[in-house]
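Q: From the sequence below, what's the structure:
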Amino acid sequence: MTIASARLDLRLNEADKARISRAADLRGVPLATFVRQAVLREAETVMASALAVELSPEESRRFLAALDKPFKANKRLEKAMEDAAQLTR
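A: Numbering: from 1, shown residues only. Modelled structure (predicted):
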């Protein structure tokens, strides 16, 4: 178990705090624990949604077809690989 050291201050009106406190009581956890769990759950949802890439069926077919093709480096990539090889020698 890690020890929490960072703080997050949050200002709420009384009605919001009472509602959140009631929910924490119903879960049987301290208010801070309830808020931390809820915020982390929402953060995961937002990040998963923002970072996920969804492809249409046509885009999926094109992507998979491109993965199946043999790789062929263009001139710029060949030069970059040569430059990198010289740096590591």
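Q: Where does the prediction get shaky in the protein?
A: 1 (pLDDT under 70).
Q: just the helices in it please.
A: 14-27, 31-51, 57-68, 75-87 (DSSP state H).
Q: nearest to residue 7, of the ones you listed?
A: helix 31-51 (10.4 Å; Cβ to Cβ). (Each C-beta comes from the backbone N, C-alpha and C, glycine too.)
Q: which other helices and strands contact that closest one?
A: Packed against helix 31-51 by the contact rule (3 or more Cβ pairs under 8 Å, 6 or more residues apart in numbering; DSSP states H and E) you find helix 14-27.
Q: got the angle between the helix it packs on and helix 31-51?
A: Here the directions of helix 14-27 and helix 31-51 differ by 100 degrees (axes from the mean of the first three to the mean of the last three Cα atoms, to 10 degrees).
Q: Any chance you could give me helix 14-27 in CSV, C-alpha atoms only?
A: Extracted in CSV, the C-alpha atoms of helix 14-27 (Å, rounded to 0.1, in the frame of the first residue of the first chain):
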residue,chain,number,x,y,z
GLU,A,14,-23.1,22.4,1.3
ALA,A,15,-25.7,20.5,-0.7
ASP,A,16,-23.1,18.8,-2.9
LYS,A,17,-21.0,17.9,0.1
ALA,A,18,-24.0,16.4,1.9
ARG,A,19,-24.9,14.4,-1.2
ILE,A,20,-21.4,13.0,-1.6
SER,A,21,-21.1,12.3,2.1
ARG,A,22,-24.4,10.4,2.0
ALA,A,23,-23.1,8.3,-0.9
ALA,A,24,-19.9,7.6,0.9
ASP,A,25,-21.8,6.5,4.0
LEU,A,26,-24.0,4.2,1.9
ARG,A,27,-20.8,2.6,0.5
